[in-house]
Structures are given as structure tokens and as C-alpha cells.
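Novice: Return a 3D structure for these sequence lines:
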Amino acid sequence: MLRGMKAKAECRVAESEAVWHLYVLRCGDGSYYTGVTTDIERRVREHREGRASRYTRTHQPVELIHREECGTRSQALSRECAVKSLSRSKKDDLVAGRKPGSKGRLR
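Specialist: Residues are numbered from 1 along each chain as shown. Predicted coordinates:
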């Protein structure tokens with residue numbers, strides 16, 4: 001029993017040290033998919049193999065078009081929620097590297 005408790009504690013420590021990322025994929029139909037992960041390359045590979053989400057499985061192929069380092073899981077999930085609530089035009093600005101609503105590039 002103590003070994004199991006110790007293993008869980010070690011998992012929490014390892015998870016808290018992991019750097020979380022937000023990522024945006026462009027799907028085959030032009031739609032966007034937004035998610036969070038600690039390993040973007042692995043997660044994109046899972047999406048491409050049809051093992052990551054039902055949405056991307058039915059909207060193949062997928063292409064990674066945006067990524068952000070967020071720090072903690074909580075920060076990544078908050079950022080994911082914020083990005084998902086953006087309008088399509090503001091998401092277009094985000095993935096193009098522009099400030100939402102501006103016509104120029106981010107500096």
C-alpha cells in the first residue's frame with residue numbers, strides 16, 4: 001500500500017514539473033482543433049494515427065499550425081479555454097501570428 005502511495009506522489013511531482021503546451025491543428029476540412037499536452041510531437045502523431053480524438057479522427061488529415069508554451073497544466077487549460085472561445089477570424093489572426101483584430105504581424 002505504501003508503495004502505491006509513493007508511486008502516486010512521484011507521478012504528481014513529475015507531472016507538476018512537466019511543461020504544458022497549447023497546440024492548434026488545421027484539419028482536412030479547414031476547421032481548427034485546439035488541445036494541450038506535454039509532448040506536442042507525440043500528440044500530433046496520435047492525432048494523425050486516429051488515436052487522439054474522435055474529432056480529428058473524422059477530420060483527417062491534420063497539420064500543426066500553432067503552439068504555445070503555457071507552463072503548468074492549469075495555465076494550459078485556461079489558455080485552451082480562451083482560444084476555443086475566440087471567433088474564427090480571431091483564431092485566424094492567432095495562427096497567422098497577428099494580434100487579434102490587427103492587420104500587421106506580431107512584433
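Novice: Now the longest strand seen in the chain: average pLDDT?
Specialist: Assignment by DSSP state E gives strand 62-71 as the longest strand of the chain. For strand 62-71, mean pLDDT is 96.
Novice: Partner strands of it, with direction?
Specialist: In the sheet, strand 62-71 lines up against strand 20-27 (antiparallel) (DSSP bridges).
Novice: how far does the partner strand sit from the chain's center?
Specialist: Relative to its chain's centre, strand 20-27 lies at 4 Å (Cα atoms, centre = their mean, to the nearest Å).
Novice: which residues are in contact with that strand?
Specialist: If you take Cβ atoms under 8 Å, 6 or more residues apart in numbering as the criterion, strand 20-27 is touched by 32-38, 40, 43-44, 47, 55-56, 59-73, 75-76, 79-80, 83, 91, 94-95. In short, each C-beta sits where N, CA and C put it, glycine included.
Novice: okay, now Thr37: neighbour count?
Specialist: 19 (other Cβ atoms under 10 Å).
Novice: just Tyr32 next, same as before
Specialist: Neighbour number of Tyr32 under other Cβ under 10 Å is 19.
Novice: That one pairs with what?
Specialist: Arg26.
Novice: returning to that earlier point: can you name the element that comes right after the longest strand of the chain?
Specialist: Under the assignment DSSP states H and E, the closest C-terminal helix or strand after strand 62-71 is helix 73-84.
Novice: just checking, what packs against that next one?
Specialist: strand 20-27, strand 32-37, strand 62-71 (3 or more Cβ pairs under 8 Å, 6 or more residues apart in numbering; DSSP states H and E).
Novice: Could you list the low-pLDDT ranges of this structure?
Specialist: 1-16, 100-107 (pLDDT under 70).
Novice: quick one on the thing from earlier: please enumerate residues in contact with the longest strand of the chain?
Specialist: Against strand 62-71 from outside (Cβ under 8 Å, 6+ apart): 19-28, 32-33, 36, 40, 44, 47-48, 56, 76, 79, 94-95.
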